[in-house]
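Engineer: All I have is the shape, not the residue letters:
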């Protein structure tokens, strides 16, 4: 399968300087990004939850696919360059291999998350308060969430 870097070679490149935000939590850019070079930090509610440095890494897909505001801020830790996909849904419709990459990435993240949750559940057996929280997380992973009043979802749904 072709890499996202190969599939996005014709997209516009955006340079970032250290400290510059690519994505801001609570906003919706309507863009999808592919890391070309550099190192990015993913920050949610003041906590750095990930560092992205692998060329070809995908950024912003949850907001695009769900049609919701970004859930985290993504900021350059070093000089970086990202490829910008301006109309990502149309791009993914035209590029099924890119859409397959996005689906594979989402599944891989879900698989890793569920494995970690199973490990946490085993470590916290008998601790009622922790088990309740873990049960809520497991349910959130397998049940399609209902739309709340005023909540936006992607038009392609």
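Structural biologist: Noted; the coordinates are in hand. In this text the structure is predicted, and so the values were computed from the model without any measurement. Residues are numbered from 1 along each chain as shown.

Engineer: For the longest helix along the chain, list every residue counted as buried.
Structural biologist: As assigned by DSSP state H, the longest helix anywhere in the chain is helix 96-123. Neighbour-count burial for helix 96-123 flags 98, 99, 101, 102, 121 (criterion: 16 or more other CB atoms under 10 Å). From N, CA and C alone the C-beta is placed, and that goes for glycine too.

Engineer: who's in contact with the nearest residue to the last one once chain neighbours are set aside?
Structural biologist: Right, residue 121. Of all residues beyond its chain neighbours, the one nearest residue 121 is residue 134 (5.0 Å), with distances taken as CB to CB, 6 or more residues apart in numbering. By CB atoms under 8 Å, 6 or more residues apart in numbering, residue 134 lies in contact with 117, 120, 121, 124.

Engineer: Distance to residue 92 and pLDDT for those residues - can I get that in JSON lines?
Structural biologist: Shown next, in JSON lines, are the contacts of residue 134 (distance: CB to CB, whole Å; pLDDT from 0 to 100):
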{"residue": "117", "distance to residue 92": "29", "pLDDT": "79"}
{"residue": "120", "distance to residue 92": "33", "pLDDT": "79"}
{"residue": "121", "distance to residue 92": "35", "pLDDT": "77"}
{"residue": "124", "distance to residue 92": "39", "pLDDT": "76"}
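
Engineer: so which two of those residues are the farthest from each other?
Structural biologist: Spatially, the most separated pair among those is 117 and 124, at 10.4 Å (CB to CB).

Engineer: Show me what the longest helix of the chain is packed against.
Structural biologist: Packing partners of helix 96-123 (3 or more CB pairs under 8 Å, 6 or more residues apart in numbering; DSSP states H and E): helix 4-7, strand 58-59, helix 61-66, helix 88-94, helix 128-142.

Engineer: How far off centre is that helix?
Structural biologist: 11 Å (CA atoms, centre = their mean, to the nearest Å).

Engineer: What about residue 46, how many residues nearby?
Structural biologist: As a burial measure, residue 46 scores 7 neighbours (other CB atoms under 10 Å).
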